[in-house]
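Engineer: Pasted the sequence and its predicted model underneath.
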Amino acid sequence: MNEILKIQEKIINLIYPQTCGICGKINNKTICSKCNIQLKKQEKMGILTKEKLEENSLEMEKHFEELMYIFKYEGQIRELILDYKFNEHAYLYETFEKMILNNKKIYGFLKNYDIILYVPMYRLSKWKRGYNQTELIARKIAKTLGIEFVKNNLVKTKNTKKQSTLTKLERKNNIKNAFKITDSKAIYNKNVILFDDIYTTGSTVNECSRIIKIAGAKSIAVLTIAVD
């Protein structure tokens, strides 16, 4: 069976050869060496503690311990994320995973965690798009790190307004009580990575983290591609 799968994979690669997710040129990696060099120049990686974030936030308390990001939400990175989310470029999930885990400091930090969750979409929104962009990347990250990927445990129960259309205070109220955990045992006393694609005000990941903590998680690190 494994040999058949290998043959099938070779045939697929011949028909649809691997290309760089950035420039689109045929390459045996999801990010070619030239584009990787350009991305490294754009990196503005950071690991911020909850205490640091609370200093500059309207929210009195953050329910996660760290925020990790690779880029600022601008320029080429912003365009790629928008294409990924809204222009049916689902294949970019592998490219974003490489962007994140090619950073040795972030990779080493994430290896200390037990499981990874992702910010869910409301079921109707996911049906319309065809995929959840955070789920695809989180699954790939989990596989590379060798940690547990927990699907459909953190779920969205309300069809809320788009956060991007609201003020900071409105975002916090809009997302309140919009999530739930379906299986607390799977995350009890675990060190959890919570993945989202963009961090703006942090209202969404903070509300998700609050629910995850209530379910018994030991600690939470929010991981995101970019901060706005």
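Structural biologist: Now that the structure is in, tell me what you want to look at.
Engineer: Tell me the buried residues in stretch 140-149?
Structural biologist: 140-142, 145, 147, 149 (16 or more other Cβ atoms under 10 Å). Just so you know, the C-beta spots here come from the backbone N, C-alpha and C atoms, and that holds for glycine as well.
Engineer: no, scratch that, I was asking about stretch 186-196
Structural biologist: Buried-residue list, stretch 186-196, by 16+ other Cβ under 10 Å: 187, 190-196.
Engineer: Could you let me know which of those ends up closest to residue 162?
Structural biologist: Nearest to residue 162 among the buried residues of stretch 186-196, counting by Cβ to Cβ, is residue 196 at 14.5 Å.
Engineer: Tell me who's in contact with that closest one.
Structural biologist: Taking Cβ atoms under 8 Å, 6 or more residues apart in numbering, we find residue 196 in contact with 118-119, 134, 204-205, 222-224.
Engineer: ok, residue 206 touching residue 62?
Structural biologist: Yes. Using Cβ atoms under 8 Å, residue 206 is in contact with residue 62, at 5.9 Å.
Engineer: one step back: can I get the buried residues of stretch 186-196 in a markdown table with pLDDT?
Structural biologist: Formatted as a markdown table, those follow (pLDDT from 0 to 100):
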| residue | pLDDT |
| --- | --- |
| 187 | 94 |
| 190 | 96 |
| 191 | 97 |
| 192 | 97 |
| 193 | 97 |
| 194 | 98 |
| 195 | 97 |
| 196 | 96 |
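Engineer: Now, the residues you listed that are in helices?
Structural biologist: Judged by DSSP state H, the subset of the buried residues of stretch 186-196 located in helices is empty.
Engineer: I'd like these as a markdown table, with distance to residue 86 appended.
Structural biologist: As requested, the buried residues of stretch 186-196 are exported to a markdown table (distance: Cβ to Cβ, whole Å):
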| residue | distance to residue 86 |
| --- | --- |
| 187 | 30 |
| 190 | 33 |
| 191 | 33 |
| 192 | 28 |
| 193 | 25 |
| 194 | 22 |
| 195 | 19 |
| 196 | 16 |
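Engineer: Report the two of these separated the most.
Structural biologist: 190 and 196 (18.3 Å).
Engineer: what number of residues lie near residue 122?
Structural biologist: 15 (other Cβ atoms under 10 Å).
Engineer: so it touches residue 160, yeah?
Structural biologist: Yes. Here residue 122 reaches residue 160: they are 7.3 Å apart, a contact under Cβ under 8 Å.
Engineer: List phi and psi for residue 121.
Structural biologist: Dihedral angles phi and psi of residue 121 (degrees, to the nearest 10) take the values phi -100, psi 150.
Engineer: Now do the closest residue to it other than its chain neighbours, the pLDDT please.
Structural biologist: In space, and not counting its chain neighbours, residue 121 is closest to residue 132: 4.9 Å by Cβ to Cβ, 6 or more residues apart in numbering. Residue 132 carries a pLDDT value of 89.
Engineer: next one: residue 29
Structural biologist: For residue 29, the predicted pLDDT is 80.
Engineer: How about residue 16?
Structural biologist: 50.
Engineer: Out of the buried residues of stretch 186-196, flag the one nearest to residue 31.
Structural biologist: Nearest member of the buried residues of stretch 186-196 to residue 31, counting by Cβ to Cβ, is residue 195, at 18.9 Å.
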